[in-house]
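**Q** sequence unknown, structure follows:
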């Protein structure tokens with residue numbers, strides 16, 4: 001059998017395996033509020049399915065050669081049919097998902113049902129082909145050299161990931177993506193049929209597994225390093241590290257496939273390097289690199305805040321941490337690989353460790369930690385494992401170097417341990433769930449209204465982004481703070497005809513925060529506020545800290561579910577429309593894709609009265625929302641104007657707002673500066689089925705002003 005066909009099949013199968021990951025994540029995001037946790041739970045589901053795939057490969061490898069091949073090809077054919085059915089019926093599930101109140105469980109079940117069968121079979125791809133080759137007497141890959149094909153598998157996985165956000169997501173609709181995947185799966189099935197035929201032994205005999213004599217270099221390994229428990233401990237820790245860093249960085253960052261892809265690409269590249277001569281021969285070098293990066297990351301973690309203008313550097317540091325830490329672990333894993341007779345068992349151990357590590361990071365950690373503590377925890381574990389491995393290996397000729405490495409690992413443990421035990425005295429409440437990490441801080445600052453004396457206030461943060469603040473003193477608690485002053489978000493009310501003439505208003509607010517905008521409520525008004533996170537609602541209504549909602553003169557209705565789903569249901573039920581609809585979901589670096597499409601903006605327009613105002617809060621660290629507003633106003637045939645509102649005192653902040661109306665927008669405050677949309681770049685309108693928000697990335701955004 002040509003070696004090229006074998007390499008192509010391994011590469012192509014892994015390419016499809018990791019191409020489906022961001023595609024399925026993109027499919028599920030709108031149904032679960034666009035939260036980053038969708039991806040981390042998906043990662044855990046993929047690890048479980050990977051375990052099932054390796055278990056399947058190990059199971060059928062014990063069968064006769066003819067039975068193995070026949071069973072596998074039949075199941076591949078069934079998976080092609082299953083995927084075709086899902087591609088044709090996918091749109092029917094869109095509004096039926098995410099309604100049970102158990103998002104983690106629902107995401108897991110969706111992954112298992114929608115992509116479980118093809119994912120399991122593609123997961124078995126490299127292991128099965130390696131097993132068939134090793135038993136067919138192939139001369140191309142003898143003995144333990146067969147494990148190098150795992151690097152080929154990970155190269156395919158890496159390219160599958162990288163191609164999706166840049167070449168597939170922006171240009172192909174989701175329907176085209178799923179049908180394309182189905183077609184590729186059919187081609188892959190044909191490849192596997194050819195390989196199955198070419199690798200079948202001429203005379204099938206019962207397989208007798210004998211223990212091969214150890215290779216010369218393996219005999220040098222201490223007995224402790226040859227134990228099978230390391231086959232799942234090492235990959236379990238590396239997978240936990242990947243998920244912990246992903247959660248750490250996406251806690252306040254938009255859940256777009258690009259961010260996931262960068263970290264997962266670093267993880268896959270670590271397998272490519274680790275399962276090669278580069279990893280094995282450079283083992284001490286990768287260990288040194290891991291020790292240095294772990295120490296630096298732990299030091300930064302206990303001395304810095306992870307906020308907006310530092311994100312690019314921190315993303316690079318996160319990618320470096322995943323790559324260096326995982327290459328260190330995977331190089332050791334490759335170093336202790338067993339003989340080819342234990343190949344499927346070895347890969348089963350890798351998958352078991354990965355599934356346990358991924359599940360602990362994505363499912364268990366959020367239940368036992370009220371902050372992103374899994375990040376310093378895994379650095380402690382990695383550093384402790386590094387000390388263990390160096391101590392057990394203990395090459396005498398590297399005695400001084402080993403001591404230095406252990407000192408760095410020890411420093412990483414100390415710095416990470418400090419992150420675990422330190423407590424921010426400002427934080428008075430900390431909560432965490434599927435949607436992210438929340439905290440309330442108690443601070444004080446001098447303000448003019450308090451005679452220039454310090455006044456105590458509570459600040460609500462979602463990740464590292466402030467989503468509202470309120471003063472403790474009842475006489476100061478009525479002040480409108482942050483991004484919502486009368487010349488900022490409040491302008492949507494102040495200049496509206498119904499507000500100026502005293503007519504009761506129907507107001508919708510997408511994104512609750514602590515309800516600062518409720519400060520504009522009057523007797524007779526109805527304020528309906530939407531937030532998908534029940535813990536946000538709990539904090540906003542906690543009168544120990546915030547009273548905007550409890551003191552609001554208007555009738556306040558809080559809807560705890562995804563705003564788009566709720567608005568769609570209201571449109572279908574023909575409920576009363578809004579005078580003002582405020583969309584406040586883009587602050588920090590959050591950019592929910594399903595609330596950034598032309599279908600979403602058409603929904604917003606449909607929920608407005610003819611003279612209604614749609615206000616978009618555009619303040620963002622790294623995304624320029626103005627092209628999105630420009631193209632959506634054009635699509636909706638609405639008039640658009642946008643402003644930069646300055647901070648007018650100590651408790652307000654500079655913010656960017658866009659306003660859309662069917663008639664001319666005349667509500668711009670004189671203190672604000674207006675956007676010049678003739679200088680705003682044009683983009684294609686993203687839709688539910690097609691398009692990418694990557695075009696909105698602008699790390700050096702300077703608003704074009706008139």
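**A** Structure's in. What do you need? Since we're looking at a predicted model, the values are computed, not measured.

**Q** what about stretch 461-478, start to end distance?
**A** Criterion C-alpha to C-alpha, to the nearest Å; first-to-last residue distance in stretch 461-478 is 20 Å.

**Q** so which bits of that stretch are buried?
**A** For stretch 461-478, the neighbour count (16 or more other C-beta atoms under 10 Å) marks 461-471, 476-477 as buried. To be clear about C-beta, it is placed using only N, CA and C from the backbone, and glycine gets the same treatment.

**Q** now intersect these with the strands, please.
**A** Among the buried residues of stretch 461-478, the ones falling in strands (DSSP state E) are 461, 462, 465, 466, 467, 468, 469, 470, 471.

**Q** show me which of these is closest to residue 321.
**A** The closest of these to residue 321 turns out to be residue 465 (C-beta to C-beta; 22.8 Å).

**Q** quick check: that closest one touching residue 587?
**A** Yes - between residue 465 and residue 587 there is a contact at 5.9 Å, judged by C-beta atoms under 8 Å.

**Q** tell me the secondary structure at residue 429.
**A** strand (DSSP: H, G, I helix; E, B strand; the rest coil).

**Q** and the nearest residue to it once chain neighbours are set aside, bridged to which residues?
**A** Nearest non-adjacent residue to residue 429, counting by C-beta to C-beta, 6 or more residues apart in numbering: residue 440, 4.0 Å away. Beta-bridge pairing of residue 440 under DSSP bridges involves residue 429, residue 460.

**Q** correct me if wrong: residue 440 contacts residue 457.
**A** No - look at residue 440 against residue 457 with C-beta under 8 Å: they stay out of range, at 10.6 Å.

**Q** so residue 154 touches residue 268, yeah?
**A** Yes - Residue 154 is in contact with residue 268 according to C-beta under 8 Å; the separation is 4.8 Å.

**Q** which residues of the stretch 501-650 of the chain fall in strands?
**A** Here the stretch 501-650 of the chain has its strands, by DSSP state E, counting those that start in this stretch, at 506-510, 526-530, 555-559, 578-583, 608-617, 639-645.

**Q** strands paired with the second one, and their directions?
**A** Translated: strand 526-530. Applying DSSP bridges to the sheet, strand 526-530 is found paired with strand 506-510 (parallel), strand 555-559 (parallel).

**Q** pull the residues that contact the host helix or strand of residue 127.
**A** If you go by DSSP states H and E, residue 127 is part of helix 125-135. Helix 125-135 is touched from outside by 6, 9-10, 13-14, 17, 53-54, 57-58, 60-61, 65, 68, 72, 140-141, 146-147, 149-150, 152-153, 195-196, 199, 201, 207, 340, 343-344, 347, with contacts defined as C-beta atoms under 8 Å, 6 or more residues apart in numbering.

**Q** now the element after that helix, going C-ward?
**A** Using DSSP H and E, the helix or strand that follows helix 125-135 towards the C-terminus is helix 149-163.

**Q** any idea which helix or strand comes after that next one?
**A** Next along the chain after helix 149-163, taking DSSP H and E as the criterion, comes helix 174-198.

**Q** mind giving me the packing neighbours of the helix or strand just after that following helix?
**A** Heading C-terminal from helix 174-198, the first helix or strand you meet, by DSSP H and E, is helix 230-250. Judged by 3 or more C-beta pairs under 8 Å, 6 or more residues apart in numbering; DSSP states H and E, helix 230-250 is in contact with helix 37-60, helix 257-274, helix 311-335, helix 343-359, helix 374-393.

**Q** so which bits of the shortest one are buried?
**A** If I follow you right, that is helix 343-359. With the criterion 16+ other C-beta under 10 Å, helix 343-359 contains buried residues 343-344, 346-359.

**Q** quick one: contacts of that helix?
**A** Against helix 343-359 from outside (C-beta under 8 Å, 6+ apart): 43-44, 46-48, 50-51, 53-55, 57-58, 61, 123, 126-127, 130-131, 134, 146-147, 150, 228, 231-240, 242-243, 333, 337-338.

**Q** okay, the angle between that helix and helix 37-60?
**A** 160 degrees (axes from the mean of the first three to the mean of the last three C-alpha atoms, to 10 degrees).

**Q** returning to that earlier point: so among the contacts of helix 125-135, which ones count as buried?
**A** Using 16+ other C-beta under 10 Å as the burial test, these include 6, 9-10, 13-14, 17, 53-54, 57-58, 60-61, 65, 68, 72, 141, 146-147, 149-150, 152-153, 195-196, 199, 340, 343-344, 347 as buried.

**Q** what is the burial count for residue 539?
**A** 26 (other C-beta atoms under 10 Å).

**Q** now do residue 561
**A** So residue 561, with other C-beta under 10 Å, has 16 neighbours.

**Q** quick check: it vs residue 567, distance?
**A** 10 Å (C-beta to C-beta, to the nearest Å).

**Q** ok, now residue 456?
**A** Separation of residue 456 from residue 567 (C-beta to C-beta): 37 Å.

**Q** between those two, which is the more surrounded one?
**A** A count of neighbours by other C-beta under 10 Å puts residue 567 above the other of residue 456 and residue 567, at 24 against 13.

**Q** so the more buried one touches residue 604, yeah?
**A** Yes - shown here, residue 567 and residue 604 form a contact pair, counting by C-beta under 8 Å, at 7.4 Å.

**Q** quick one, what contacts residue 408?
**A** 288, 291, 292, 294, 295.

**Q** how about 7 Å then?
**A** 291, 292, 295 (C-beta atoms under 7 Å, 6 or more residues apart in numbering).

**Q** need phi/psi at it.
**A** phi -70, psi -40 (degrees, to the nearest 10).

**Q** may I see the buried residues of stretch 122-133?
**A** Neighbour count says stretch 122-133 has 122, 123, 124, 125, 126, 127, 128, 129, 130, 131, 132, 133 buried, by 16+ other C-beta under 10 Å.

**Q** which one of these sits closest to residue 419?
**A** residue 123 (34.8 Å).

**Q** tell me the pLDDT of residue 208.
**A** Note for residue 208: predicted pLDDT of 41.

**Q** could the strands of the stretch 501-650 of the chain be laid out in TSV, adding mean neighbour count, mean pLDDT and distance to residue 77?
**A** Shown next, in TSV, are those (neighbours: other C-beta atoms under 10 Å; pLDDT from 0 to 100; distance: least, C-beta to C-beta, whole Å):
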stretch	mean neighbour count	mean pLDDT	distance to residue 77
strand 506-510	26	97	46
strand 526-530	23	98	45
strand 555-559	17	97	46
strand 578-583	24	98	47
strand 608-617	21	96	49
strand 639-645	22	94	52
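
**Q** now render the ones you listed as a markdown table, adding distance to residue 31.
**A** Shown next, in a markdown table, are the strands of the stretch 501-650 of the chain (distance: least, C-beta to C-beta, whole Å):
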| stretch | distance to residue 31 |
| --- | --- |
| strand 506-510 | 17 |
| strand 526-530 | 16 |
| strand 555-559 | 17 |
| strand 578-583 | 19 |
| strand 608-617 | 23 |
| strand 639-645 | 30 |
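
**Q** now for those, which one comes closest to residue 431?
**A** Proximity to residue 431 (C-beta to C-beta) singles out strand 555-559 among the strands of the stretch 501-650 of the chain, at 16.8 Å.
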